[in-house]
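> fold the following, please.
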Amino acid sequence: MNNNHEPEINTLKDYLSLIRLNLVPIVIISITGLLIAIIYAFNAPDIYKSTTVLKIAKPSGSVLSGSLMPEFQDFGSDRFIANEIEILKSYKLRERVAKALVDSFSLSNDRISYSLIIDKSENQRNPSKLRNIEGIISVIGGSVSIDQKRGLDIVEISIESQSPKEAALIANIYATAYRELNLAINRVQLTAIKEFLAKQREEKLAELSNVEETLLAYQEQKGIVQLPEQARTLIAQVSDFEAKMNATKIDMTITEKMLNEYKSELNKQDPEIKDYIESFATEPYIRNLQTQIADLKTQKDRAMSTSANQQRKNELLKDYDLKIEELKNKLNSQLSVYRAGILASSPAEIKDLTRKVLEEEIKYQSLQASYRKLSEIVAEYDKRLNRLPTSTIDLARLQREQSAYEKLFTQVEQRYQEAIINEQSVPGNVLVVDEGLIPRSPAKPNRLLIVIVGLVLGVGMGVGFAFVRNHFDNTIKTPEDISSRNINILAWIPQIEGIDANNTEFEFIVAKKPDASASEAYRALRTRIKFSKIDKESLKVILITSPTAQEGKTTTTVNLAGSLAQANFKTLILDADLRKPRVHSVFNHKRFPGFTDYFFGQTSFEEIIRKTTLNNLYYVSAGTIPPNPSEILGSNQMESFIEKLKNNFDYVIIDSPPLIAVTDSEILAQIVDGTILVVSANQTEMELLEKSVEILKRDKSSFLGVLLNNFSYRAGYSSYYKYYYYYSHPTNGSKKSRVKA
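Okay, here's the model as predicted:
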């Protein structure tokens, strides 16, 4: 037998038929899914949602970055917002929120309004006990959602809770905690400068107090209370320059600290740029300009401290300002070229850091130049102080130190106050657009949607079950399943209504219900058998078998014989199933005497031939079950017996055991005129069918074809249902609509 066959092409009709065939399990699974969804929907707690809306603006940077490269002002906005969202999701921020919630809970009188932060463990006796900090952090992480509006600098912080008040509270606390953290981050450098100046302020105040005490003690000891005019003028000048020198040194310390931080961060990302900036900032031309500017500034300070007339002083100051401005323009022009080159070649993600390093490096070099010039002037004034008379030199030095520390403390105090103002003036870049409101209605669950989804999933699972079941089901279902294997199919017999294992009343359907669709199908089988061979006279003995048991071969044997008898053919049924004979039970008779008893000489031929209630129909039962059925069926005596039956009847229909289980049917197939293989829809496996056909087609057996039994016309095969309806619903009860063989 050729087992190769073309792959099946399923049509929409096939899929619809499959669904109709599995309608019951699909409905059961769908209803189950619907019930589960309904139970869940009506038992799910109400979830309330509160949302705080924030606008997060990217920092604009310094004036330098704004004027030098305006095209980069909005660079990386999306990346900046993404970074801020990660900060919003960070453990550090959630920890702040958790601590703030604990404080709010301890001050609240309405503790039943809390849900998320309450410990709801089964053994918890106190229903108002808070979770620990770690527990609150964990539950907040699972209940908060942070989303950016597409294309905008707007971020939404949403909290879901079973308590509407708690949802609004957490959303607002979250926004407040983030805004405070953002302020702290933006002010971190100014805060560091303020703290450094505060420390310097305390140190300089202590130093000033020490000098004043020393001066007072000296004056009390020596009795000198006043210096000459020349000494006082010299002290005023040197103390002024010394205060400026010390203030410059403090500025250098602050700038150096910030510069080192920036360099350290830049070195991690791109060491080559850091080295390039350092080499550029120390370039001789740049350093020369910075030195000239520092020199002119000190000369200007000297001019301001001289005793020249006011008109001459104003002219000198104006001249110095023009020279300083000219040098600054040259320096800025050169710096602009280098800044543009550095920022243009820097990777996009470190442009801002590169700009800061460049600014601080230039500032530091300028302060160094000023400090060197001021140090030279102070040293020069020290030499002049040393030329004073010995009696006044010690007092002059003490008064100089007292005046210098006084001026320095005044400058440090002024800068400290400026640092406080600068720190507080940084507003941050977070604006609360909308605060979280207490929701009036729950956001979840959408009970109707849950029910609909449950129904859809139930139907989907039911249909999926049908397709999976069909995929793994290798049983025969339709006539096409047989014909697609290049196997001849004689007919398909519908299920006989009312027949089961306990009720065989209508098994002989052609006699009990001649108008039934099954009876019409058996008559169609009769017609196809009659015309299955050109030499119709040689087709008189027909063997009925099946691959396995319980597939309807006995029912087929009886009804086929009955339909032949109804067509006025003298027909005999021979029960050759010597394993589990059943033909006698169909006619309500005993099994013996049968043909095996005739073989053993215990009865006559005439005694085993029994007439049925149907005209022209006779049968021979199996008789006594022998220990060696195969030997009896394959004996010469069996061949002679069949030949004798053939001479006495028009047709002999033989019922036999299953083909796969035993060799009885295979033996009988060699001595009959034709063999019909009965398979049962939704029961017989395709492999067993193909194996059975292979057995029947070899040697000398005459295989007529396959009969599909128990085929359900109503189950979903619309093309066959027309056939069923046509034979089951004759018009006006007229039998003319039926085709007879």
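
> all strands of this protein, in order?
Along the chain, counting by DSSP state E, strands occupy 48-56, 144-148, 154-161, 430-434, 489-494, 541-545, 571-575, 610-611, 617-620, 651-655, 674-680, 703-711.

> buried residues, the first one. List them.
Pointing back at strand 48-56 there. By neighbour count on 16 or more other Cβ atoms under 10 Å, the buried set for strand 48-56 is 48-54, 56. The way it works is simple: take the backbone N, C-alpha and C, and place the C-beta from them, glycine included.

> residue 41 reaches residue 451, doesn't it?
Yes: under the criterion of Cβ atoms under 8 Å, residue 41 makes contact with residue 451 at 5.5 Å.

> now for residue 540: which residues touch it?
646, 649-652, 673 (Cβ atoms under 8 Å, 6 or more residues apart in numbering).

> then residue 632?
578, 596, 599, 626, 638.

> domains for the protein, by residue range?
Following automatic domain parsing, one gets these domains for the chain: 45-187, 192-425, 527-706.

> and those, which is most packed in?
Ranked by mean neighbour count, these are led by domain 527-706 with a mean of 19 (mean count of other Cβ atoms under 10 Å).

> mind checking the end-to-end distance for that domain?
Terminal residues of domain 527-706 lie 15 Å apart, using Cα to Cα, to the nearest Å.

> mind putting the strands of the chain into TSV with distance to residue 372?
Shown next, in TSV, are the strands of the chain (distance: least, Cβ to Cβ, whole Å):
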stretch	distance to residue 372
strand 48-56	45
strand 144-148	52
strand 154-161	50
strand 430-434	44
strand 489-494	111
strand 541-545	118
strand 571-575	129
strand 610-611	138
strand 617-620	133
strand 651-655	125
strand 674-680	110
strand 703-711	110
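
> lowest mean pLDDT across those, which one is that?
Of all these, strand 430-434 carries the lowest average pLDDT, namely a mean of 85.

> returning to that earlier point: for the contacts of residue 540, which one is nearest residue 685?
Nearest to residue 685 out of the contacts of residue 540 is residue 673 (Cβ to Cβ; 28.5 Å).

> picking that back up, may I see the contacts of residue 540 organised as a markdown table, with distance to residue 364 added?
Converted to a markdown table, the contacts of residue 540 look like this (distance: Cβ to Cβ, whole Å):
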| residue | distance to residue 364 |
| --- | --- |
| 646 | 124 |
| 649 | 125 |
| 650 | 124 |
| 651 | 119 |
| 652 | 120 |
| 673 | 116 |
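
> what is the nearest of these to residue 539?
Of all these, residue 539 sits closest to residue 673, with 4.8 Å by Cβ to Cβ.

> give me the pLDDT for that closest one.
92.

> next up, the contacts around it.
The contact partners of residue 673, by Cβ under 8 Å, 6+ apart, come to 538-542, 702.

> returning to that earlier point: and the contacts of residue 632 as a markdown table, adding distance to residue 487 and pLDDT?
What follows is those, written out as a markdown table (distance: Cβ to Cβ, whole Å; pLDDT from 0 to 100):
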| residue | distance to residue 487 | pLDDT |
| --- | --- | --- |
| 578 | 28 | 94 |
| 596 | 33 | 94 |
| 599 | 35 | 92 |
| 626 | 34 | 92 |
| 638 | 28 | 94 |
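
> among these, name the ones in helices.
When the contacts of residue 632 are checked against helices (DSSP state H), the matches are 596, 599, 638.

> columns distance to residue 474 on top of these, output as a markdown table?
Listed next are these as a markdown table, based on distance: Cβ to Cβ, whole Å:
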| residue | distance to residue 474 |
| --- | --- |
| 596 | 38 |
| 599 | 41 |
| 638 | 36 |
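
> between those residues, which sits nearest residue 377?
Closest approach to residue 377 among these (Cβ to Cβ): residue 638, at 140.4 Å.

> nearest spatial neighbour of the closest one, skipping sequence neighbours?
The shortest distance from residue 638 to any residue other than its chain neighbours is 6.4 Å, reached at residue 632 (Cβ to Cβ, 6 or more residues apart in numbering).

> look up how far residue 625 lies from the one you found.
Taking Cβ to Cβ, to the nearest Å as the measure, residue 632 falls 10 Å from residue 625.

> the longest helix seen in the chain packs against which elements?
Criterion DSSP H: the longest helix present in the chain is helix 229-269. When contacts are defined as 3 or more Cβ pairs under 8 Å, 6 or more residues apart in numbering; DSSP states H and E, helix 229-269 packs onto helix 188-222, helix 271-281, helix 284-305, helix 351-386, helix 390-425.

> quick check: mean pLDDT across it?
76.

> who are the contact partners of residue 645?
By Cβ under 8 Å, 6+ apart, the residues touching residue 645 are 541, 572, 574, 620, 652.

> what pLDDT does residue 457 get?
Confidence at residue 457, expressed as pLDDT, is 95.

> residues contacting it?
33, 37.

> and if you look at residue 642?
Counting by Cβ under 8 Å, 6+ apart, residue 642 touches 541, 574, 652, 654, 671-672.
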